[in-house]
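> here you go, sequence then predicted model.
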Amino acid sequence: MWKSQNLFHKLCIHTSAAILKKAPQNLKGKRPAEQRWIVRQLRDPFVKAAHVQNYRCRSAFKLLEIDDKYNILRPGFSVVDCGAAPGAWSQVAVKRVNATGENPEYPRGAVVGVDLLHIAPLDGAHFLSNQDIASPATHAELQRILPGGLADVILSDMAPNASGFREMDHERLVSMCLSLLGLADVVLKPGGCLVCKYWDGGLARKLHQGLTEVFKEVKIVKPQASRKESAELFFLARLFKKR
Ligand SMILES: C[S@@+](CC[C@H](N)C(=O)[O-])C[C@H]1O[C@@H](n2cnc3c(N)ncnc32)[C@H](O)[C@@H]1O
């Protein structure tokens, strides 16, 4: 059964740091699913690396890998990070687009993160906490905040609260990804790029088709930081054709 989003957030920043210091014998009293999760975390090199490198979550390494390979985040770019909490992807984006102006030789970019949950502040990022990315009010606010009202890149690592029913969760995530096409219409620059996470399943083809209608190039990507046993995949869609 897939763990719920709230459990993910509770454990993501806080417990991952804490459990790295604890020995597995401290598992007494925990439910079997929790024990399995903690043991997996303890053995996961990306969890350790996230802790050492001060990332809020191991998911940072997925975006780092995608960007190292495809160079989607460039200094001066404006980025919308959908489903941004706890903020690891935004940490990566802030650095790569130079959103703090840390490197004065390069143009300064912008990162706007949106999540249904609260996102702790991050230097260089503007967060819209407790907001639904699918809502027209959020789209309007993004237009107001983004430089020139437009983004070069939309990132989505969004995931619904897992029901535990794989097919149902897959369908919900695909429909969330499809709703990003509406966001792209409003804020994405022509030629812009979209990265979205999905869980593989029957409707993946429908999502692929929806993306190929509005992007010239669509690839499926599985970063090494994405666990092999997970159905998680990413679409990398480039060269947005503004409708
Ligand atoms: C896997 S987490 C994202 C982790 C994040 N990329 C990071 O690196 O820290 C998925 C997030 O998607 C958010 N989410 C789900 N549906 C959403 C929606 N409709 N609008 C905004 N955020 C949403 C969840 O609240 C959750 O925080």
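Received the coordinates, thanks. None of these values were measured; they are calculated from a predicted model.

> so the protein: which segments form each domain?
With domains defined by automatic domain parsing, the chain comprises 5-52, 60-240.

> just these: most buried one?
domain 60-240 (a mean of 19; mean count of other Cβ atoms under 10 Å). (Each C-beta comes from the backbone N, C-alpha and C, glycine too.)

> does it come close to the ligand?
Yes: if you take Cβ under 6 Å from any ligand atom as the test, domain 60-240 does meet the ligand, through 60, 82-89, 114-117, 132-134, 157-160.

> just to revisit the earlier point, mind putting the domains of the chain into a markdown table with mean pLDDT?
Converted to a markdown table, the domains of the chain look like this (pLDDT from 0 to 100):
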| stretch | mean pLDDT |
| --- | --- |
| domain 5-52 | 68 |
| domain 60-240 | 97 |
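
> out of the residues of domain 60-240 next to the ligand, which sit inside helices?
60, 88-89 (DSSP state H).

> what's the one residue in the chain that gets nearest to the ligand in contact with, if anything?
Ranked by Cβ to the nearest ligand atom, the top residue of the chain for proximity to the ligand is Gly83, at 2.6 Å. Going by Cβ atoms under 8 Å, 6 or more residues apart in numbering, Gly83 touches 114-116, 133, 156-159.

> adjacent strands (with direction) for the strand ranked longest in the chain?
Under DSSP state E, the strand in the chain containing the largest number of residues is strand 188-199. Strand pairing for strand 188-199, determined by DSSP bridges: strand 151-156 (parallel), strand 232-240 (antiparallel).

> mind putting these into TSV with distance to Leu194?
What follows is the strands paired with strand 188-199, written out as TSV (distance: least, Cβ to Cβ, whole Å):
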stretch	distance to Leu194
strand 151-156	5
strand 232-240	5
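
> for Ser59, which non-adjacent residue is spatially closest?
Nearest residue to Ser59 in three dimensions, chain neighbours excluded: Ala88, at 5.1 Å (Cβ to Cβ, 6 or more residues apart in numbering).

> return the distance of the one you found relative to Glu232.
15 Å (Cβ to Cβ, to the nearest Å).

> end to end on stretch 146-160, go ahead and measure it.
Start-to-end span of stretch 146-160 (Cα to Cα, to the nearest Å) is 26 Å.

> now stretch 111-128
Stretch 111-128 has an end-to-end distance of 11 Å (Cα to Cα).

> part of a strand, is Ala184?
No: per DSSP: H, G, I helix; E, B strand; the rest coil, Ala184 lies outside any strand segment and is helix.

> tell me which residues are up against stretch 172-191.
Residues outside stretch 172-191 that contact it (Cβ under 8 Å, 6+ apart) are 80, 82, 133-134, 139, 142-143, 146, 149-152, 154, 156, 158-160, 163, 192, 194, 196-199, 201, 203-204, 206-207, 210-211, 214, 235, 239-243.

> no no, stretch 216-235
Contacts for stretch 216-235 (Cβ under 8 Å, 6+ apart): 46, 58-59, 61-62, 64-66, 69-70, 166, 170, 177, 194-201, 204, 207-208, 211-212, 236-239, 241.

> so which residue is dead centre in this structure?
Asp157 (2.6 Å; Cα atoms, centre = their mean).
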